[in-house]
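1. got a sequence here, can you build the structure:
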Amino acid sequence: MNPQSTKIGFIGTGVMGGSMASHVQQGGYEVHIYTRTKEKALPLIEQGLIWQETPSDLARVCDVIVTMVGYPSDVEELYLGPSGLIDSARSGTYFIDMTTSSPALARRIYDAANARGMHALDAPVSGGDIGARNAALTIMAGGDREDYEAVLPILSRMGKQMLLQGAAGAGQHTKMANQIAIASTMIGVCEALIYAKNAGLDLDNVLQSISAGSAGSWSLSNLAPRIVAGNFEPGFYVKHFIKDMGIALDAAAEMDIELPGLALARELYQRIADTGLGDKGTHALYKAWD
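-> All right, here's what the predicted structure looks like:
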C-alpha cells in the first residue's frame, strides 16, 4: 500500500476516528473523509483531508475504506444498504470496519465483498481517545491473512499492537472478550474508589499505591484519575459500551454460555444511562454509587 498511489477513505471522524484519519494522512496518504456533520470535520479539512459529500462519492475514488461509526445498524446500512459501499466501490477495494459490531454482520460483509471481488476485514480497536490520539491503539482483525498483510502499513499508522485473530468475525469476537474484561474491571475500579473515599483516604495517594501493585490495570491508571478529578467526558461513550455489552451477551447466548459479571455491568451502565449520562465516558459508572 504505497502512500503515493493509495487513496484512503475514512467514514466516521468522531472522538477516535478523527485522530486515526489524521495519523494516516501524516503517513503520506491522500485521505478522503465523510461524516454525518461536516462542521465537526472542519479541523481535518483544514489539515488537508479531502471532504466527500456522500459515502458513495468516497467509495468511488478510494482504494481502501476505513469505517468507524456507532452501531451495527449503521454498519449494515453503510455497507449493505441501498447505494452502500459494496455497491458503490470498485472491484479490488479493501474495506476495514473498525466499529465494534456484530461478528455475524462482519461475516456477512466479508461474504458480500468477496462476491464482488473486494476485500473485507473486521478490525475493532481498544485504547479509547488516548490510544487514538497517540496512534497507540490495539487492533484486533478478522479476515484473510493476505488482506490483513496488505493493509498492515495503514493499520500501523493508527496502532501499536496489531494481530490477525482468525477468519471474518474473529476480530469482533476478540473485541467482545476485551469489553467483557473491561466491564467487570470498571466495576472494581469504581467500588475501590467509593470504598477509599468513604474510608476518608486521599484518592490520589490510593491510586499511586494500588495502580503499581497487582490490582493495576489500564482502567485504573487512565480512567480512575479522571474520576478523581470529576472529569467524566468521553474517551468512549457509555451508550456505545452498552451496545457492545448487548452484542457480547447475544453472542454468548448463541454459544449457550452465561456471563453474570457482564450482565451485572450492563444493568449498572443502563442505570446511569437512564439518568442522562449516555454521552459521558465509561468511567461515569462511578455515578451509580456516588
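2. roughly how far apart are the residue in the chain sticking out farthest from the centre and residue 227?
-> Relative to the centre of the chain, and counting by Cα atoms, centre = their mean, the farthest-placed residue is residue 200 at 36.8 Å. Per Cβ to Cβ, to the nearest Å, residue 200 is found 17 Å from residue 227. (Glycine included, C-beta is placed from N, CA and C.)
3. same check, this time on residue 213
-> From residue 213 to residue 227 the distance is 19 Å (Cβ to Cβ).
4. those two: who's more crowded?
-> residue 227 (23 against 8; other Cβ atoms under 10 Å).
5. for the more buried one, give me its contacts.
-> 189, 190, 193, 283, 286 (Cβ atoms under 8 Å, 6 or more residues apart in numbering).
6. give me the neighbour count for the third one.
-> Other residues within reach of residue 193 by the criterion other Cβ under 10 Å amount to 23.
7. again, but for residue 134
-> Neighbours around residue 134, by other Cβ under 10 Å: 13.
8. repeat that for the one 5 residues further on.
-> Residue 139 is flanked by 27 other residues according to other Cβ under 10 Å.
9. residues of the helix or strand hosting it that come out buried?
-> Element membership of residue 139, judged by DSSP states H and E, is strand 137-142. By 16 or more other Cβ atoms under 10 Å, the buried positions in strand 137-142 come out as 137, 138, 139, 140, 141, 142.
10. would you list every one of the helices in the stretch 151-290 of the chain?
-> For the stretch 151-290 of the chain, applying DSSP state H, counting those that start in this stretch gives helices covering 170-198, 203-211, 218-222, 224-229, 238-254, 260-272.
11. in TSV, list these along with distance to residue 81 and mean pLDDT.
-> Below are these laid out as TSV (distance: least, Cβ to Cβ, whole Å; pLDDT from 0 to 100):
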stretch	distance to residue 81	mean pLDDT
helix 170-198	19	97
helix 203-211	45	97
helix 218-222	36	94
helix 224-229	37	97
helix 238-254	19	95
helix 260-272	28	97
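12. now distance to residue 74 too, for those helices, in a markdown table please.
-> Shown next, in a markdown table, are the helices of the stretch 151-290 of the chain (distance: least, Cβ to Cβ, whole Å):
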| stretch | distance to residue 74 |
| --- | --- |
| helix 170-198 | 15 |
| helix 203-211 | 36 |
| helix 218-222 | 26 |
| helix 224-229 | 27 |
| helix 238-254 | 10 |
| helix 260-272 | 20 |
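13. how far does the lowest-mean-pLDDT helix or strand in the chain sit from the chain's center?
-> Within the chain, no helix or strand scores below helix 128-133, which has a mean of 90 by mean pLDDT, DSSP states H and E. In terms of Cα atoms, centre = their mean, to the nearest Å, the centre of helix 128-133 is found 10 Å from the chain centre.
14. from the contact counts, what lies against that helix?
-> helix 17-26 (3 or more Cβ pairs under 8 Å, 6 or more residues apart in numbering; DSSP states H and E).
15. now the helix it packs on: average pLDDT?
-> In this model, helix 17-26 carries a mean pLDDT of 96.
16. give me the helices and strands touching the longest strand seen in the chain, please.
-> Among the segments of the chain that qualify as a strand by DSSP state E, the longest is strand 159-166. Other elements packing on strand 159-166 under the criterion 3+ Cβ pairs under 8 Å, 6+ apart are strand 137-142, helix 145-155, helix 170-198.
17. would you mark the buried spots in that strand?
-> Under 16+ other Cβ under 10 Å, the buried positions of strand 159-166 are 159, 162, 164, 165.
18. now the contacts of residue 227 as TSV including distance to residue 14?
-> As requested, these are exported to TSV (distance: Cβ to Cβ, whole Å):
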residue	distance to residue 14
189	25
190	25
193	28
283	18
286	23
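19. which among those residues gets closest to residue 103?
-> Proximity of the contacts of residue 227 to residue 103 (Cβ to Cβ) peaks at residue 283, which lies at 26.7 Å.
20. these two touch, right, that closest one and residue 229?
-> No - counting by Cβ atoms under 8 Å, residue 283 stays clear of residue 229, with 10.5 Å between them.
21. the more surrounded of the two?
-> When residue 283 is set against residue 229 and neighbours are counted by other Cβ under 10 Å, the residue ahead is residue 283, at 25 against 10.
22. pLDDT wise, what is the more buried one at?
-> At residue 283, pLDDT is 97.
23. list the contacts for it?
-> 186, 189, 190, 219, 223, 224, 226, 227, 232.
24. among the residues you listed, who's most crowded?
-> Tallying neighbours with other Cβ under 10 Å puts residue 223 at the head of the contacts of residue 283, with 28 neighbours.
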